[in-house]
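> This is a predicted model, with the sequence first.
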Amino acid sequence: MKKYWLLPLSWLYGAVVSMRNALYDLNLLKSHSFDLAVVKIGNLSVGGTGKTPHTELVAAMLAEAFPAVAILSRGYKRRTKGFRMAGETDNADTLGDEPFQMHLKLPDVQVAVCEDRKSGIDQLLAYNPLLSAVVLDDGFQHRKVKAGLNILLSDYNEPFYSDQLLPAGRLREQRSAYMRADLIIFTKAPRRVNVYDKKFVYTKVKPTASQQVIFSHIRYGDPVFMEPFADQKLGKQLQVLLVTGIVNAQPITEMLEQKSVRYSQLAYRDHQRYGAKQLKQIAKAYAELEGDNKVVICTEKDFVKLREHSAWFEENQIPLAYLPIEIGFDEQDRAIFISIIEAYVKQYQRNR
């Protein structure tokens, strides 16, 4: 049921966002440029489009071309403020779960968090004047910084062109803001999007001559178990307690069902912190699973927080694993994606 009574609030919110964007378009609010490659990745909606794995992919590609690459994120739900550079003593509380996950996965990429993206880049450059590229995670709507490449993500199953502004919908900017994007990726799509469905999306988006529209899908690898538990593969023989603290766990549950895995789920809110209360709930739900061959499986984002309770899982003999996630494209879209990143790298290097 649509929340029509929220539409006036959405119109008011939209007017405020439109005014802000108009001030940037008229140069009355300044967008700052930097002498380094800047890539923005983000969406128009609030969460759930797969920003983190796409950010990891782009940062890893840039790290192959540039000697010093950083990811700058807001650090949503962290318990610190201001600029913070990821280090050995950090965790999900100090950085936020997604930046901490990227910090663990990309040792050759510097990860930092800061609410103010311009200030964040300034401080990254002060820390490393040789920094050559930065990826702004969830940075599409942050117009205080001007990027050389803007990548917009939209959930294939909940596309921005069918959504409404907050609070009636999930958009934090007007649909027309997609015009700022150089590359639009519809995420969580089927592995093979047929030509008719692609044409339908193209007719909705109406990309300009300078914009590309492609489709990505999610691939889950075999579960990675926390030590000292032995690795196991997904299958009918396994009873799974799925623990998720994300916006949309449907891609995971669909994958488990395709593999005929028997599972129950504890679904928490996005960016859930795990303390004694949640551990008690996990223990209870795990005990209720039938059979002896049972495990707890979570997302990578949840694992970086649950791993802090490794002693509890070992003491209670509850095997814990996460599902590694990769981003995939069909052959044509993969070629487009790579060509856009490579062209931007060459353009930046040529202009230096």
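Alright, I've got the coordinates.
> what's next to the helix or strand encompassing Ile252, contact-wise?
Ile252 is part of helix 250-258 when elements are defined by DSSP states H and E. Under the criterion C-beta atoms under 8 Å, 6 or more residues apart in numbering, residues Lys188, Ile218, Tyr220, Leu234, Val240, Leu242, Thr244, Tyr263, Gln265, Thr299, Leu323 lie in contact with helix 250-258. From N, CA and C alone the C-beta is placed, and that goes for glycine too.
> Quick check: the fifth one touching Leu266?
Right, the one you point to is Val240. No: Val240 is not in contact with Leu266 according to C-beta atoms under 8 Å; the separation is 11.1 Å.
> in the stretch 201-350 of the chain, which spans are strands?
Taking DSSP state E, counting those that start in this stretch as the criterion, the stretch 201-350 of the chain carries its strands at 212-220, 224-225, 239-244, 262-267, 294-299, 320-323, 325-329.
> Which among the ones you listed is found nearest to Ala65?
Ala65 lies closest to strand 325-329 among these, at 18.5 Å (C-beta to C-beta).
> Show me which helix or strand of this structure is least confident by mean pLDDT.
Sorting the helices and strands of the chain by mean pLDDT, DSSP states H and E puts helix 7-25 at the bottom, at a mean of 87.
> Buried residues of it, list them for me.
In terms of neighbour count (16 or more other C-beta atoms under 10 Å), helix 7-25 has its buried residues at Ser10, Tyr13, Gly14, Val17, Asn21.
> Show the subsequent helix or strand relative to it.
Tracing the chain C-terminally past helix 7-25 and defining elements by DSSP H and E, one meets strand 37-43 next.
> So which elements touch that following strand?
In terms of contacts (3 or more C-beta pairs under 8 Å, 6 or more residues apart in numbering; DSSP states H and E), strand 37-43 is packed against helix 51-65, strand 133-137, strand 149-155, helix 331-351.
> and if we set it to 6 Å?
When contacts are defined as 3 or more C-beta pairs under 6 Å, 6 or more residues apart in numbering; DSSP states H and E, strand 37-43 sits against helix 51-65, strand 133-137, strand 149-155.
> Starting from that strand, tell me which strands it pairs with and how they run.
Using DSSP bridges, strand 37-43 pairs in its sheet with strand 133-137 (parallel), strand 149-155 (parallel).
> Run a quick check on Phe215 versus Asn194, I expect a contact.
No: proximity of Phe215 to Asn194 does not meet the contact threshold set by C-beta atoms under 6 Å, at 10.7 Å.
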